[in-house]
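In: model this:
(one chain, ligands or ions: 1)
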Amino acid sequence: MNDHNILHDPAMFAIWAHVDPSKLLRAAEHLASVSTLSVPQAYQIAKQAAAEQKMTIVWEFVWYSETARLAVHLPAGFIAASAVITQDSVDPDTSTFCQVHGCFYFRKCGVCSNDHLPLP
Ligand SMILES: [Zn+2]
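Out: Numbers count the residues shown, from 1 in each chain. Model (predicted):
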């Protein structure tokens, strides 16, 4: 079986960033607002990410054309300059970086291969 036989969804993108340790509640409120987590659950995730200095997903299922704007306008609770763009939600620590499109990806860059959804 090769890639051409596998049906898959076109790529979407995510924005990751470091939590600001002095604004854990603000980060938690954002994370809870974009997920099914409660604020206390999101707070635990934000607190752990800050303690381990790991990035968390700030926005998910983003159009590629929206990524640059979202990456420079992070919600309160996240360190502005730390934002990175990933294809789907791959961990930027364990994926490849496309120098052309400024995003991390796992198998191939969806923008290079024109395999991502355009803005509707
Ligand atoms: Zn690319």
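In: where is the longest helix in the protein?
Out: Counting by DSSP state H, the longest helix found in the chain is helix 39-52.
In: residues in contact with that helix?
Out: When contacts are defined by C-beta atoms under 8 Å, 6 or more residues apart in numbering, helix 39-52 is touched by residues 18-21, 24-25, 27-29, 31-32, 35, 37, 55-56, 77. Where you see a C-beta, it was placed from the backbone N, CA and C, and this is true even at glycine.
In: quick check: end-to-end length of stretch 94-105?
Out: 9 Å (C-alpha to C-alpha, to the nearest Å).
In: would you mark the buried spots in it?
Out: Buried positions in stretch 94-105, judged by neighbour count with 16 or more other C-beta atoms under 10 Å: 95, 98, 101, 103-105.
In: residues in contact with that stretch?
Out: With C-beta under 8 Å, 6+ apart, stretch 94-105 has contacts from 11, 13, 64, 67-68, 84-88, 90, 92, 106, 109, 111-112.
In: if we go to 7 Å?
Out: Applying C-beta atoms under 7 Å, 6 or more residues apart in numbering, the contact partners of stretch 94-105 are 13, 67, 84-87, 90, 92, 106, 109, 111-112.
In: about what we covered before: identify the farthest-apart pair in the contacts of helix 39-52.
Out: P21 and S35 (20.4 Å; C-beta to C-beta).
In: and G110, that one's in a helix?
Out: No: using DSSP: H, G, I helix; E, B strand; the rest coil, the assignment for G110 is coil, not a helix.
In: quick one: contacts for the closest residue to it other than its chain neighbours?
Out: Leaving out its chain neighbours, the residue that sits closest to G110 by C-beta to C-beta, 6 or more residues apart in numbering is A11, at 2.9 Å. The contact partners of A11, by C-beta under 7 Å, 6+ apart, come to 87-88, 110, 115-116.
In: does V19 touch L74 like I think?
Out: No: V19 is not in contact with L74 according to C-beta atoms under 7 Å; the separation is 10.4 Å.
In: between those two, tell me which one has more neighbours.
Out: V19 (29 against 21; other C-beta atoms under 10 Å).
In: for the more buried one, give its distance to the ion.
Out: From V19 over to the ion the distance is 28 Å, taken as C-beta to the ion, to the nearest Å.
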